[in-house]
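K.L.:
Next come a sequence and a model predicted from it.
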2 protein chains.
Amino acid sequence: MDLNALSAPQVVRQASRLQQLQGPTAGFANGYVQANLAVLPKAMAADFFQFCSANPKPCPLLHHSASPVFELAGQRIDIRTDLPRYKKFIDGHCVSTPTDLTADWRDDMVSFLLGCSFSFEEALLDAGLEIRHISERCNVPMYNTNLPLTPVGPFGGTMVVSMRPMTPAAAIRAIQVCSRFPAVHGAPVHFGDPAAIGINDLSKPDYGDAVSIAAGEVPVFWACGVTPQVAIAAAKPDLAFSHSPGCMLVTDLRNAELAVF
Amino acid sequence: MDLNALSAPQVVRQASRLQQLQGPTAGFANGYVQANLAVLPKAMAADFFQFCSANPKPCPLLHHSASPVFELAGQRIDIRTDLPRYKKFIDGHCVSTPTDLTADWRDDMVSFLLGCSFSFEEALLDAGLEIRHISERCNVPMYNTNLPLTPVGPFGGTMVVSMRPMTPAAAIRAIQVCSRFPAVHGAPVHFGDPAAIGINDLSKPDYGDAVSIAAGEVPVFWACGVTPQVAIAAAKPDLAFSHSPGCMLVTDLRNAELAVF
């Protein structure tokens, strides 16, 4: 199939459902919100809901549903089939990366959709700012930090951040742009000295790829959607699912709808 | 007179008019906009108006008037008498610091009111942020930079900035808060490395007083209202006036009215 034709969210989800698309969704359906997915047993769902509320920057909750089929932005979503690829966890360990969850689904599973950096990156690009990992065609570098999360029940730990190098003037503009989008991580949480938040070596990200940092640029750090995945892995639910990295749920919500001003 | 009673803008202006108040207005009429003043001959006014429009961060124009008496926020202002103290310039040189401009006034003079950092500092304090020079009870440190202004007619040069040290997290919050107030210098123009904008030694400000910078803090730089004064001095009008440093026009505009969101 012609992947360039995947400009409509419904078409991306249909291609995922038919397993014609089994890989990353970056660059598809520009203008529309792509969401991180976390699926947990109902016994843990109330704690996870509260955990997201207490840690809105790394875990910005867009939607949750106790049914695998639900309506979002006027469209029917089947969370078991509408993403290109998933991860399946047993006791916190990833055991497979299926393209369909129907066979593995359990009636007590609750789905959580969380905001994703794709939305604010689109706003940054629209504002004329360069995003280094996009220019260098690699994954955004992500790091474990010593920034504590507010723990709730079995969920806790420290924040994972993503990093984008910028000049100070570009960073100031990026802070303004991202402040409009609290539902997708919002403003950065730190800039400058990596050691101040417990990062020892920017050239060795814990997730993703290292990017170049030019003279006169500072690293700018955003709360990252990998944080809830780390918190879930630590909580060791007997069964859990997430999206596979980069293989997001493409929704019919527009990024512009998430702007608070 | 009891200076603590100067909570109403009209009372501050009356005390100035009666020459009971001849010094700085900082801390008076909390919640109300205090403005920088520049007064130029009409022959230069069109260029200065355009210069402010082209350089809105250092020269945020709030109001201008070809008459010394005008209405602002429903109140009658006589710009010749309603500030505590002025500076008088001949050919760009300060020749005196009168408390009344009536005797020196010329019919062709045009007044410009420019936004002042007092307004955004109030918003920063309201947001729970510390402002170092207020904590240390001194003037804000200000520096000449190599940041070029957009020149118009005889007006040009480089930007003057004010500096407030903050942790990165506080700086991010300050950028958000100040972005709401473009009419009073708005968001910072730089943070971090002073040399990147042509500042060699933070401990030696070109205007105001040095402040302490703690470990883990970065200097954050805002466009400063001293910039238009430097531009005017360089333009060498045969006659000009400004407020004396810290001796502002206290208006009946509320700071909150300047917020754009």
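P.N.:
Alright, I've got the coordinates.
K.L.:
contacts, neighbours, all on C-alpha from now
P.N.:
Fine.
K.L.:
what sits against the one residue in the stretch 1-150 of chain A that gets nearest to chain B?
P.N.:
Closest residue of the stretch 1-150 of chain A to chain B, CA to the nearest CA: residue A:147 (11.9 Å). Residues near residue A:147 by CA atoms under 8 Å, 6 or more residues apart in numbering or on different chains: A:158-159, A:197-198.
K.L.:
again, but for residue A:194
P.N.:
Shown in contact with residue A:194 (CA under 8 Å, 6+ apart): A:200-202, A:219.
K.L.:
how about the closest residue to residue A:102 other than its chain neighbours, secondary structure?
P.N.:
Leaving aside its sequence neighbours, residue A:102 sits nearest to residue A:80 (CA to CA, 6 or more residues apart in numbering or on different chains; 5.5 Å). In three-state terms, and counting by DSSP: H, G, I helix; E, B strand; the rest coil, residue A:80 is coil.
K.L.:
My guess is residue A:80 contacts residue A:106. True?
P.N.:
No: applying CA atoms under 8 Å as the test, residue A:80 and residue A:106 come out as separate, 10.6 Å apart.
K.L.:
Between these two, which has more neighbouring residues?
P.N.:
Legend: neighbour count by other CA atoms under 10 Å in any protein chain shown for residue A:80 and residue A:106, higher for residue A:80 (20 against 14).
K.L.:
for that one, what are its contacts?
P.N.:
A:68, A:100-102, A:105.
K.L.:
which among the residues you listed end up buried?
P.N.:
Neighbour counting over the contacts of residue A:80 (16 or more other CA atoms under 10 Å in any protein chain shown) leaves A:68, A:100-101 as the buried ones.
K.L.:
Need the pLDDT of the closest residue to residue A:45 other than its chain neighbours.
P.N.:
Leaving aside its sequence neighbours, residue A:45 sits nearest to residue A:110 (CA to CA, 6+ apart; 6.6 Å). pLDDT recorded at residue A:110 is 98.
K.L.:
Give the full set of residues in contact with residue A:110.
P.N.:
A:39-42, A:45, A:64-68.
K.L.:
hang on, the earlier thing: what is the nearest of the contacts of residue A:147 to residue B:123?
P.N.:
Distance to residue B:123, by CA to CA, is smallest for residue A:197 among the contacts of residue A:147, at 27.3 Å.
K.L.:
pretty sure that closest one is touching residue A:144, no?
P.N.:
No: assessed by CA under 8 Å, residue A:197 is found out of contact with residue A:144, at 9.0 Å.
K.L.:
For those two, list the residues in contact with both.
P.N.:
Counting by CA under 8 Å, 6+ apart, residue A:197 and residue A:144 have no common neighbour.
K.L.:
So is stretch A:169-181 next to chain B?
P.N.:
Yes: judged by CA under 8 Å from any CA of the partner chain, stretch A:169-181 comes into contact with chain B through A:169, A:172, A:175-176, A:179.
K.L.:
now what about that stretch, what contacts it?
P.N.:
A:120, A:123-124, A:127, A:129, A:185-188, A:220, A:258-261, B:172, B:175-176, B:179, B:187-191.
K.L.:
Up against chain B, what does chain A have?
P.N.:
By CA under 8 Å from any CA, the part of chain A that sits against chain B consists of A:168-169, A:172, A:175-176, A:179, A:187-192, A:196, A:216, A:261.
K.L.:
hang on, residue A:144 is in a helix, isn't it?
P.N.:
No: counting by three-state DSSP, residue A:144 is not found in a helix; it is strand.
K.L.:
returning to what we had before: of the contacts of residue A:110, which belong to strands?
P.N.:
A:39-41, A:64-65 (DSSP state E).
K.L.:
Check what contacts the lowest-mean-pLDDT helix or strand in chain A and list those residues.
P.N.:
One helix or strand of chain A scores below all others by mean pLDDT, DSSP states H and E: helix A:226-235, with a mean of 92. For helix A:226-235, the surrounding residues in contact (CA under 8 Å, 6+ apart) are A:38, A:58-59, A:91-93, A:154-161, A:242.
K.L.:
all strands for the stretch 151-261 of chain A, in order.
P.N.:
A:158-166, A:190-191, A:218-223, A:240-243, A:249-254 (DSSP state E, counting those that start in this stretch).
K.L.:
what are the ranges of the strands in the stretch 1-150 of chain A?
P.N.:
Under the criterion DSSP E, counting those that start in this stretch, the stretch 1-150 of chain A contains strands at A:32-41, A:61-65, A:69-72, A:75-78, A:86-90, A:93-96, A:109-114, A:142-148.
K.L.:
still on that earlier bit, could you dump the buried ones among the contacts of residue A:80 into JSON lines with pLDDT added?
P.N.:
Output for the buried ones among the contacts of residue A:80, formatted as JSON lines (pLDDT from 0 to 100):
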{"residue": "A:68", "pLDDT": "98"}
{"residue": "A:100", "pLDDT": "98"}
{"residue": "A:101", "pLDDT": "98"}
